[in-house]
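Novice: let me see the structure of the following:
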Amino acid sequence: MNPYKIDKIPINNRSLDKRYALNDDRRDQIKNLKGKARVKEIAILFGVSESTVKRIFNPDKKRKSNWKKYYNKEKRRGYMKKYRDHKNKLFKQGLLKSVDNGS
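Specialist: Next comes the predicted model:
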């Protein structure tokens with residue numbers, strides 16, 4: 001399948017989508033640990049970054065806008081290839097349905 005066509009097919013099952021490290025239950029567990037453990041300890045326990053834990057604690061707080069400082073085209077290209085390969089594998093297994101938009 002064309003790699004750009006696979007981008008238009010959504011992964012509706014969150015457990016199959018590798019972009020999410022946490023499901024809703026794990027998010028609730030993290031929220032319950034607020035004030036009981038340090039942010040760094042919680043992050044290590046759940047295998048996520050400290051900033052992820054902080055965003056779960058304070059969802060309304062804005063992120064810093066210095067993302068360009070860390071943006072790397074080569075890394076992004078590699079991540080996108082890996083993600084498209086994963087989606088192709090799910091599509092071939094029949095776990096994703098094609099979106100037909102008449103083209």
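Novice: endpoint to endpoint, stretch 46-54 covers what distance?
Specialist: 13 Å (C-alpha to C-alpha, to the nearest Å).
Novice: wait, stretch 7-25
Specialist: Stretch 7-25 end-to-end distance (C-alpha to C-alpha) = 28 Å.
Novice: give me the distance from it to the chain's centre.
Specialist: Its chain's average C-alpha position is 7 Å from that of stretch 7-25, according to C-alpha atoms, centre = their mean, to the nearest Å.
Novice: that stretch: which residues count as buried?
Specialist: For stretch 7-25, burial by neighbour count (16 or more other C-beta atoms under 10 Å) applies to 9, 11, 22. C-betas here are computed from N, CA, C, even on glycine.
Novice: what's stretch 12-28 in contact with?
Specialist: For stretch 12-28, the external contacting residues (C-beta atoms under 8 Å, 6 or more residues apart in numbering) are 11, 30, 46-48, 52, 56, 83, 86, 90, 95.
Novice: buried members of those residues into PyMOL, please.
Specialist: A single PyMOL command selects the buried members of these (16+ other C-beta under 10 Å):
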select buried, resi 11+30+46+48+52+56+83+86+90
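Novice: of the contacts of stretch 12-28, closest to residue 4?
Specialist: residue 83 (12.5 Å; C-beta to C-beta).
Novice: which residues of this protein score low on pLDDT?
Specialist: Applying pLDDT under 70 to the chain flags the ranges 1-3, 62-70, 99-103.
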